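Colleague: no sequence for this one, just the structure:
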């Protein structure tokens, strides 16, 4: 769940992907990450439910894309793999689905490669700065996995709030979408203050103190990421209400993310 370039591992500096891992109950994190996680939990005791909601959306969106016939997944800012991961969900529907996980954190890359072991063909773990679409898309290991002549699900789940206006987030997303053909999909979620404005200040304060300030966006601002695409039902909605498997869990009103999936015409 990160886009910032990391050249060396510094366990003294918290990292969004490892904080996310801690919130999910994982073990690939350090004291600095746990400190941020504990600060978030103290300020927002229900935040673990928000993190779980984001992971559940990823699984529902990937399954939907695969059931719609998309057999390739470009998981940008993938974060630490948590089972069931993108390739596991996709291959429940399309056994030979192809997945490229893209991130920068050395912990992610090491963990992901160990998770995948030596046996999963059609899956790549690629180190790249997603803010540079041209460089990312040209990487040989990515292009060996993803055939850009066939539909691709471009995944930007829990990522774009790490990028501010100076990063040209809309241009970044447009470049990834320009590289994939008709029939491809965008799978997307993003922080917002629209649903729980009282939490926005605390979230921004803690994330800024941790060195990764978040960009909260309104529904109208987030909708711009889908320009030129056809949103599938139910459109851009509060995350737990995007094609839930059942009744949204208790506490869903606290989930401060929009979620949506769209097709490229």
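Modeller: Yep, it's here. All values derive from a computational prediction rather than experimental measurement.

Colleague: what's the pLDDT at the nearest residue to residue 218 once chain neighbours are set aside?
Modeller: Nearest non-adjacent residue to residue 218, counting by CB to CB, 6 or more residues apart in numbering: residue 194, 5.9 Å away. Every C-beta, even on glycine, is put in place using the N, C-alpha and C of the backbone. Per-residue pLDDT puts residue 194 at 94.

Colleague: where in the stretch 1-150 of the chain is pLDDT low?
Modeller: For the stretch 1-150 of the chain, the stretches flagged by pLDDT under 70 are 1-20, 23-29, 37, 42-43, 45, 80-81, 107-108, 115-120.

Colleague: what ranges does the stretch 101-250 of the chain have for its helices?
Modeller: 106-116, 133-137, 140-143, 169-178, 197-209, 219-223 (DSSP state H, counting those that start in this stretch).

Colleague: contacting residues for residue 153?
Modeller: 62, 65, 70, 72, 73, 74, 184, 185, 186, 187 (CB atoms under 8 Å, 6 or more residues apart in numbering).

Colleague: tally of neighbours for the first one?
Modeller: Think residue 62. 30 (other CB atoms under 10 Å).

Colleague: try the last one
Modeller: Using other CB under 10 Å, residue 187 has 26 neighbouring residues.

Colleague: quick one: it from residue 203, how far?
Modeller: Note on residue 187: its distance to residue 203, by CB to CB, to the nearest Å, is 23 Å.

Colleague: can you check the first one too?
Modeller: According to CB to CB, residue 62 and residue 203 sit 26 Å apart.

Colleague: now residue 235. Nearest residue, chain neighbours left out?
Modeller: Using CB to CB, 6+ apart, the nearest residue to residue 235 is residue 260, at 6.4 Å.

Colleague: tell me the secondary structure for the one you found?
Modeller: strand (DSSP: H, G, I helix; E, B strand; the rest coil).

Colleague: isn't it right up against residue 236?
Modeller: Yes. Using CB atoms under 8 Å, residue 260 makes contact with residue 236 at a distance of 4.0 Å.

Colleague: overlap of the contact sets of the two?
Modeller: By CB under 8 Å, 6+ apart, the residues touching both residue 260 and residue 236 are 222, 226.

Colleague: wait, which of the helices of the stretch 101-250 of the chain is closest to residue 250?
Modeller: In terms of CB to CB, the element of these nearest to residue 250 is helix 197-209, at 17.2 Å.

Colleague: give the buried residues for that closest one.
Modeller: Judged by neighbour count using 16 or more other CB atoms under 10 Å, the buried positions of helix 197-209 are 199, 200, 203, 204, 206, 207.

Colleague: for it, packing partners?
Modeller: helix 31-43 (3 or more CB pairs under 8 Å, 6 or more residues apart in numbering; DSSP states H and E).

Colleague: spatially central residue for this protein, please.
Modeller: residue 157 (2.5 Å; CA atoms, centre = their mean).

Colleague: for that residue, give its distance to residue 104.
Modeller: Taking CB to CB, one finds residue 157 at 16 Å from residue 104.

Colleague: go on, residue 215?
Modeller: For residue 215, the distance to residue 104 equals 18 Å [CB to CB].

Colleague: more neighbours, the two?
Modeller: Using other CB under 10 Å as the criterion, residue 215 and residue 104 rank with residue 104 on top: 21 against 17.

Colleague: that one reaches residue 128, doesn't it?
Modeller: Yes. The pair residue 104 / residue 128 is scored as a contact, 6.9 Å apart, by CB under 8 Å.

Colleague: more neighbours: which of residue 260 and residue 236?
Modeller: Taking neighbours as other CB under 10 Å, residue 260 and residue 236 compare with residue 260 leading, 25 against 20.
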